[in-house]
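Asks: This is the structure alone, sequence omitted:
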């Protein structure tokens, strides 16, 4: 069961409250009022993230009873049962929403790819990966055992950008087999110096699990990929190589 950690940021908030007034004119009469308001903001933000209607009057009643050590209207056991039921229902609702979103994304992706494959220059592999050669390089092609250095930009089919090495100001290096299946396949088609536009169906991307906040379940992804280099692994130091040499002697 998920727990509502409404005071997770308490140490930071207390520090912030200590220094908020400074040279500014305080909106509160005492540090106690200031801290109390900050904690109220923290609780409010946490409750808002629940995405459910809260009866503020009843909430304040429960808060007051607990803080004052008065008899609460529910026992801890009753409260725990209610929370468990709430979070179970919430998980079921989220699962249903995710399933519906996945079905919609899959349908939209299939429609997009069916139309996209008819466009000039777009090639489709046996796996369903689609790609367009923007620039053909003349360098070597990486193998699945290699590491590569690339610049890339990733978007959803509606144009929403979810990642870009260009915006981070530097290319990335990773193993060819260390990325989604669509990338692993596409990189081995590319020569160093090439730029390809990739259209990756969900089954070759993140599937029904999605990724992060922006890549939903069964999302079709588009990437602009520039293959800059095949990166050779760093040579082993003498200390790292010693066990291998000793093993060979045996």
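Replies: Sure thing, it's come through. No experiment lies behind these values; they were computed from the predicted model shown.

Asks: Count the neighbours of residue 210 for me.
Replies: Residue 210 is surrounded by 19 other residues when neighbours are defined as other CB atoms under 10 Å. For the C-beta atoms, the positions are set from N, CA and C on the backbone; glycine is no exception.

Asks: got it, and residue 150?
Replies: That count, for residue 150 with other CB under 10 Å as the rule, works out to 20.

Asks: I'd like to check which residues are in contact with it.
Replies: The contact partners of residue 150, taken as CB atoms under 8 Å, 6 or more residues apart in numbering, are 165, 171-173, 187, 225-228.

Asks: how about a cut-off of 10 Å?
Replies: 165, 171-174, 179, 183, 187, 190, 195, 223, 225-229 (CB atoms under 10 Å, 6 or more residues apart in numbering).

Asks: Same question for residue 200.
Replies: If a contact means CB under 10 Å, 6+ apart, then residue 200 has 109, 113, 127-131, 154, 180-183, 185-186, 206, 219-223 as its contacts.

Asks: the strands in the chain, which residues?
Replies: In order along the chain, the chain carries the following strands (DSSP state E): 122-124, 130-135, 147-156, 161-164, 172-175, 195-200, 221-231.

Asks: Return the most buried member of those strands.
Replies: strand 195-200 (a mean of 22; mean count of other CB atoms under 10 Å).

Asks: Tell me the strands beside that one, with direction?
Replies: Using DSSP bridges, the strands paired with strand 195-200 are strand 130-135 (antiparallel), strand 221-231 (antiparallel).

Asks: and of those, who's closest to residue 55?
Replies: Set against residue 55 and scored by CB to CB, these come closest in strand 221-231, at 42.6 Å.

Asks: worst-scoring helix or strand of this structure, pLDDT-wise?
Replies: Every helix and strand of the chain was ranked by mean pLDDT, DSSP states H and E. The lowest is helix 10-20, at a mean of 41.

Asks: re the thing from before, which among the strands paired with strand 195-200 is found nearest to residue 210?
Replies: When the strands paired with strand 195-200 are compared by CB to CB, strand 221-231 sits nearest residue 210, at 10.7 Å.

Asks: quick one: the closest one to strand 147-156, angle?
Replies: 170 degrees (axes from the mean of the first three to the mean of the last three CA atoms, to 10 degrees).

Asks: Rounded mean pLDDT for strand 221-231, please.
Replies: pLDDT averaged over strand 221-231 equals 97, rounded to a whole number.

Asks: What mean pLDDT does the helix ranked longest in the chain get?
Replies: Of all segments of type helix in the chain, defined using DSSP state H, the longest is helix 76-116. Per-residue pLDDT values over helix 76-116 give a mean of 94.

Asks: and the residue nearest to residue 98 when sequence neighbours are not counted, how many residues sit next to it?
Replies: Here the nearest residue to residue 98 in space, its sequence neighbours aside, is residue 217; by CB to CB, 6 or more residues apart in numbering that works out to 5.7 Å. Using other CB under 10 Å, residue 217 is surrounded by 20 other residues.

Asks: Much appreciated, bye for now.
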